[in-house]
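Q: when you get a sec, could you give me coordinates for this:
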Amino acid sequence: MWLHVPNLWAFWFIYLHVITLVLLMNRLHPTTLVKALGNETDRFSLLKFKEAIATDPHGFLNSWNYSLHFCNWHGITCSTRHQRVVALNLSRSDLHGTISPFIGNLSFLRFINLRHNNFSGKIPQQVDHLFRLRHLLLSYNMLEGGYSSQPDHLLGTEHHKVGNKPPYWQNSIRAWFVDEACAP
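A: Predicted structure coming up:
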């Protein structure tokens, strides 16, 4: 009979430790996972954005790889709480290429500054998906006019410099600054 009592105490001791460990892991798991991995959609979208860059003569996008967390990449600012991309600032980087439609997947993006590069083609219509966007700076590129949809959600956008105003956006944006220097 006495042999069973110590075994019972050992069982309860281990049981309580396991339960405590499981509760702690459940409590810490979400924040640890977010901080460790970040948001893979943002990483994927940024890498797709990089793929659309034909030349990066100064190597500004060299840090855009899997060895660093994307929040530490050149030109990227992330929110501290959720580790989501809130700003893309690659102005004066002498980048040549197009603006990838995957930019529309960066759903927390509030600021885009791609001025003074050599982007060509059209502004992707996926910019419509960026409902938090407040600053869109695309002047001094070789971008063509607008796209097929009118971005009504950009009515509240605080600052735009994209060059020629696309005809679809004539009355939709409250504050639009046209740069004569980037007119084609």
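
Q: how about residue 61, nearest residue that isn't a chain neighbour?
A: residue 50 (5.3 Å; CB to CB, 6 or more residues apart in numbering). All C-beta spots, glycine's among them, are computed from the backbone N, C-alpha and C.

Q: give me the number of residues near that neighbour?
A: 17 (other CB atoms under 10 Å).

Q: hang on, residue 88 in a strand?
A: Yes: according to DSSP: H, G, I helix; E, B strand; the rest coil, the state of residue 88 is that of a strand.

Q: quick check: bridge partners of the closest residue to it other than its chain neighbours?
A: Nearest non-adjacent residue to residue 88, counting by CB to CB, 6+ apart: residue 112, 5.1 Å away. With DSSP bridges as the criterion, residue 112 is bridged to residue 88, residue 136.

Q: touching, residue 112 and residue 137? I think so.
A: Yes: if you go by CB atoms under 8 Å, residue 112 and residue 137 touch, sitting 6.5 Å apart.

Q: residue 81 and residue 108, how far apart?
A: Distance, residue 81 to residue 108, by CB to CB, to the nearest Å: 10 Å.

Q: where does pLDDT dip in this structure?
A: 1-6, 23-38, 145-184 (pLDDT under 70).

Q: tell me where it has strands.
A: 53-55, 76-78, 85-89, 96-98, 111-113, 118-121, 135-137, 142-143, 159-161 (DSSP state E).

Q: how does the chain divide into domains?
A: What automatic domain parsing lists as the domains of the chain is 1-37, 39-182.
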